[in-house]
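Peer 1: Here you go, sequence then predicted model.
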Amino acid sequence: MRRIIVITIFIFFSILYIKKANAEIKIKSFYVCDSIKYPKYNFGFWFNNGKLAKVYKINQKKILHYKIQYFNYKHFVNLKIKEFIGKDINLIEIDEEESIQFYEDPDGKYLGGCVKTENKSSMTCKLINFDLVSRKKKPINC
């Protein structure tokens, strides 16, 4: 009986840890953010340790990238990218849903969600697909 209780407690805390880890915005990882309602706000990003990020965007079939500074708080990351996509963005970790969502700063209007990608090429491919779908074209195979 004691063994079952210990195993149950271990499994419970493991599940809690896994849920938190899935929603965490990780440094040195590539992400792509998609806004179905507002496709002009689709972008990809890569965080570096030094509070610098590289943000990628498709503009007129070209992939543009900018280096920006970001501000990391306990539960969200603020990207100052108004000159780049037209809005400053807050990335917020939603632990219950195991997702990362982005909102307009400072109004808080929901814009879309972000997913982690394996590398720069997969992030770029997803950005291209988001652009193609927004222009009512067929997506490519990544």
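Peer 2: Perfect, thanks for sending it. Numbers count the residues shown, from 1 in each chain.

Peer 1: what residues are up against Ile100?
Peer 2: Ile100 makes contact with 23, 25, 31, 91-94, 113-116, according to C-beta atoms under 8 Å, 6 or more residues apart in numbering. Yep, even glycine has a C-beta here, placed from its N, CA and C like the rest.

Peer 1: ok, now how distant is the residue nearest the centre of the chain from Ile92?
Peer 2: Nearest to the mean C-alpha position of the chain, counting by C-alpha atoms, centre = their mean, stands Cys114 at 3.2 Å. As for Cys114, its distance to Ile92 is 10 Å (criterion: C-beta to C-beta, to the nearest Å).

Peer 1: Overlap of the contact sets of these two?
Peer 2: Between them, Cys114 and Ile92 share the contacting residues 100-102, judged by C-beta under 8 Å, 6+ apart.

Peer 1: Out of the residues you listed, which comes closest to Gln60?
Peer 2: Nearest to Gln60 among those is Phe102, at 22.7 Å by C-beta to C-beta.
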